[in-house]
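[1] Fold the following, please.
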Amino acid sequence: MLQNYIKIAWRNLRKHKFYSFLNIFGLALGLSSCLLITLYVLDELSYDKSFANADRIFRVNSDIRYGGSDMSLAVAPDPLAFTMKKDYPQIEQAVRLRENGSQLVRRAEVAENFKENNVYFADSTFFKVFSVPLLMGDREKALKDPHTVVISASNAVKYFGKQNPLGKPLIVDNSETYTVTGVMQDIPKQSHLRDVNMLLSMSTSAESRLDAWGSHNYITYFLLREGVDAQQFESNFETVLQKYTAKWLVSFLGASLNEIRKSGSYLRYTLMPLTKIHLHSSRTAEINVNGNVQYVYIFAVVALFLLTIACVNFMNLATARSANRAKEVGVRKALGSERSSLVSQFLTESVMLSFFSLALAVVLAYVALPLFNNLAGKQVSFPIQEVWFWVALLVTGGVVGVLAGSYPAFFLSAFKPLKVLKNSVELQGKGGNLRNALVVFQFVISVMLIVGTGVIYQQLNFIQTKKLGFNKDQMLIVNDAYALDNQVKAFKEQVMRLPNVAAATVTSFLPTPSSRTDHTFFPVGQMQQEKGINMQKWSVDYDFVKTMGLQMASGRPFQEEFPSDSSGIIINEAAAKVLGYADPVGKRIFGYNDVAMANKVTYTIIGVVKNFHFESLKKNIMALSLVLDKSNGTVVFKLNGGDMAQTVGRVEQLWKKMAPGQPFNYRFMDEDFNEVYRSEQRVGQIFITFAVISIIIGCFGLFGLSAYTAERRTKEIGVRKVLGASVANIVTLLSKEFLRLIIIAILIGTPIAWFGMNQWLSDFAYHVNLPWWMFFAAGAIAITIALLTVSFQSIKAALMNPVKSLRSE
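    Numbering: from 1, shown residues only. You can find the predicted model right below:
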């Protein structure tokens, strides 16, 4: 019987090639898109799950409100990890990581350095918490001694080739010698630790042994013992605050923890599961730029929508062709066929078509995968060696076939043979309402995707064109200025002589991603904790304000003719507001220069710079200060245009002359700025891609329905033409029904899209307002596309010779 079903199904697919093509290709587009998005979602959900005991590893997060600032940090105080390990047996092991930034690294016997961007100090317990395989060395001793280093396998090849690197020295920052005591396997890309490729022993750093409970610099992980409830364990942080942090607060601020809380400030520690860091954390001091669980949800919904639209197409076309199958059903029932056998026949056709579509979808997805990876910034691949992948494909094909074919199967098999054979079945009324509802549903989704794409691109354009308060265009950043040693100033001056260079500054602190450091300041004579202000403290030179194009609201920038500027400070308008000064210039504030809060420094405010965006536009502008101090991280040059490549080449020549053997690394500030919003840009590109695909799939369905409508009304069109109807009259007649459905879809989809995009924009402190014309444009696009799709068949039917139309009937 099954063989007979398959044979009949194959004949029907071959007989109706046009409808079979529309169904197979439309469903294949939906399935291939769904498959690609599923691979993306699975990749995002897999982060950090490869570590053994991943379900028991937690990171300590810190939330601080003090001095007009709210900080969400991925770091904790220096002594927290091992103090709690000692006090609480629920902690099986603890480890800290301390960012050491980018470093120049080389073998002892060579002069040329490599730049390593992700160097971290790590406790010797790293390999007891994280199950990163150690290919060479002893896991127990690898990071135990000072000035030892563990490198990744790829770094081992880069520095030592095929030689055994154990015991060999590496020179870091042209000054310190570290001995290689281990080679670890490269950390998987599906981990928030993925770029960590060099670990320096924590025992090397004297700072790591300070009892500084107010300094938050260490990424801290706990491996809890089996059976320990993380939420319950979090209650122990309050005990730690009262026992240790409170003492530091009294000695530093002269206020108790409870007094600080009464003033509205707070300090909280929480545990974040390791496997949630990638999608649920975007805190300050993250090791990597993490993903966003909202985008995972959005793409999952988009995948479901695309698959649903494709299934809707199938159902629509199947029920629309009910008139062509009605007599077949009537004859088979008259000859004794059971309804169940008819349902089985139609479901077999549906499942066959689904598997044809699935095969084509796999091919399409495989071909499109490199483009999708480039679009999404991913490296996903087909898990063709996994049994579950093929089982999932087979189950998907069967489920989609049954779901898409169930309604047509039960709809068609329900026809009464007597009425069908007498041509007295009202086929249009019986299936028309469902078809109309499905068309509306398809275009509701399309309208939502069009609006979403428009809003995302409006926001990205807003980000690109918004006045940020600083220069970001034609700003050349030369990295690793410390490699020039005491020639930094000479290098800056020589480059300034080049014709296209307008200004230059030496600093590690930039308005785009770079160094950040928070400090607490107090007005002189007012040590009360409620008078404290927490703000960024940037070390800059005399030319920083000019080079960055910052505007002074009052006072003046740093000037070499004023020796007292060495104890001067410039604050931004946000800091002035928190301090409560109507005229801050001349006022004195003090803070501390070291993590132990021992070195007190007093500053005189010499100027107030207008607010500028030194963080993402997702954040409000916070308090910031500038002080004169040496910070040789980068040299930034403001260029006047001209031949950029030639200018960069001449800068590189000067670098190689003054810093032989040191790598020349540069970037442009506008590229750094764009990188901050790379995920939003990718979302926009993916959105528009799948919006176009959803419209194409929807148009396939409309095209098929309009062809069916024109076929069903052939006689009516012929009669109307004989009676004098014009081509325009006929096109209007056939199109207005579909136009009505599209308008209903716009009315339903617009408020849903408005709500959804308002939620997305709420993540940005600065964003566009949703303009009414965007929704109007989305509706106009949907109507135009629908009319163009329907008009082809309508015009074709209207141009048909009425004599042939009536004769065919």
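[2] Every contact and neighbour count from this point should use C-alpha atoms.
    Fine.
[3] dump the residue contacts of Gly398.
    Shown in contact with Gly398 (C-alpha atoms under 8 Å, 6 or more residues apart in numbering): Val351, Ser354, Phe355.
[4] Of the residues you listed, just say which sits nearest to Phe410.
    Val351 (14.7 Å; C-alpha to C-alpha).
[5] measure the spatially most central residue of the chain to Tyr457 for me?
    In the chain, the residue lying closest to the centroid (C-alpha atoms, centre = their mean) is Ser679, at 3.8 Å. Applying C-alpha to C-alpha, to the nearest Å, the value for Ser679 to Tyr457 is 13 Å.
[6] swap in Pro660?
    From Pro660 to Tyr457 the distance is 45 Å (C-alpha to C-alpha).
[7] quick one, which of these two is more surrounded?
    Using other C-alpha atoms under 10 Å as the criterion, Pro660 and Tyr457 rank with Tyr457 on top: 19 against 15.
[8] does the more buried one really touch Gly684, like I thought?
    Yes. At 6.4 Å, Tyr457 and Gly684 qualify as touching, with contact defined as C-alpha atoms under 8 Å.
[9] Just list whatever residues bridge to Ile91.
    Note on Ile91: beta-bridge partners by DSSP bridges are Leu224.
[10] How many residues are close by it?
    By other C-alpha under 10 Å, neighbour count at Ile91 equals 21.
[11] in what helix or strand does Glu737 lie?
    For Glu737, the host element (DSSP states H and E) is helix 727-761.
[12] could you point out which element follows that helix?
    Criterion used, DSSP H and E; the element after helix 727-761 is helix 772-798.
[13] pLDDT of that following helix, averaged?
    On average, the pLDDT along helix 772-798 is 79.
[14] Give me the angle between that helix and helix 727-761.
    150 degrees (axes from the mean of the first three to the mean of the last three C-alpha atoms, to 10 degrees).
[15] buried set for helix 772-798?
    For helix 772-798, the neighbour count (16 or more other C-alpha atoms under 10 Å) marks 774-775, 778-779, 782-783, 785-787, 789-791, 793-795, 797-798 as buried.
[16] Does anything pack onto that helix? Which helices or strands?
    Applying 3 or more C-alpha pairs under 8 Å, 6 or more residues apart in numbering; DSSP states H and E, we find helix 772-798 packed against helix 427-465, helix 678-712, helix 714-722, helix 727-761.
[17] May I see those helices arranged in TSV, with distance to Leu476 and mean pLDDT as well?
    Compiled in TSV, these are given as follows (distance: least, C-alpha to C-alpha, whole Å; pLDDT from 0 to 100):
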stretch	distance to Leu476	mean pLDDT
helix 427-465	18	77
helix 678-712	20	77
helix 714-722	69	69
helix 727-761	32	83
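[18] which SS state does the closest residue in space to Lys546 that isn't next to it in sequence fall under?
    Distance criterion C-alpha to C-alpha, 6 or more residues apart in numbering; nearest residue to Lys546, sequence neighbours excluded, is Ala503 at 7.4 Å. Recorded secondary structure, Ala503: strand (DSSP: H, G, I helix; E, B strand; the rest coil).
[19] can you check Glu561 too?
    Under three-state DSSP, Glu561 comes out as coil.
[20] ok, it - how many residues close by?
    7.
[21] can you check Asp211 too?
    The burial count for Asp211: 16, using other C-alpha under 10 Å.
[22] Would you quantify the distance from it to Asp78?
    Taking C-alpha to C-alpha, one finds Asp211 at 7 Å from Asp78.
[23] So Leu393 versus Phe355, what's the distance?
    9 Å.
[24] Counting neighbours, go ahead and name the busier of those two.
    The residue with more neighbours, out of Leu393 and Phe355, is Phe355; 21 against 16, by other C-alpha under 10 Å.
[25] Is that one in contact with Val395, as I believe?
    No. With contact defined as C-alpha under 8 Å, Phe355 does not count as touching Val395 (10.2 Å).
[26] coming back round to it: mind putting the helices and strands packed on helix 772-798 into a markdown table with distance to Val636?
    What follows is the helices and strands packed on helix 772-798, written out as a markdown table (distance: least, C-alpha to C-alpha, whole Å):
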| stretch | distance to Val636 |
| --- | --- |
| helix 427-465 | 21 |
| helix 678-712 | 23 |
| helix 714-722 | 73 |
| helix 727-761 | 33 |
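[27] which one of the ones you listed lies closest to Asn313?
    Here helix 678-712 is closest among those (C-alpha to C-alpha), at 4.9 Å.
[28] got the angle between that closest one and helix 727-761?
    160 degrees.
[29] nearest residue to Thr520 other than its sequence neighbours?
    That would be Asn534: by C-alpha to C-alpha, 6+ apart, it lies 4.4 Å from Thr520.
[30] just checking, that neighbour is part of a strand?
    Yes. Under three-state DSSP, Asn534 sits within a strand.
[31] quick one: it and Thr517 touch, right?
    No. The criterion here is C-alpha under 8 Å, and Asn534 misses it with Thr517 at 10.4 Å.
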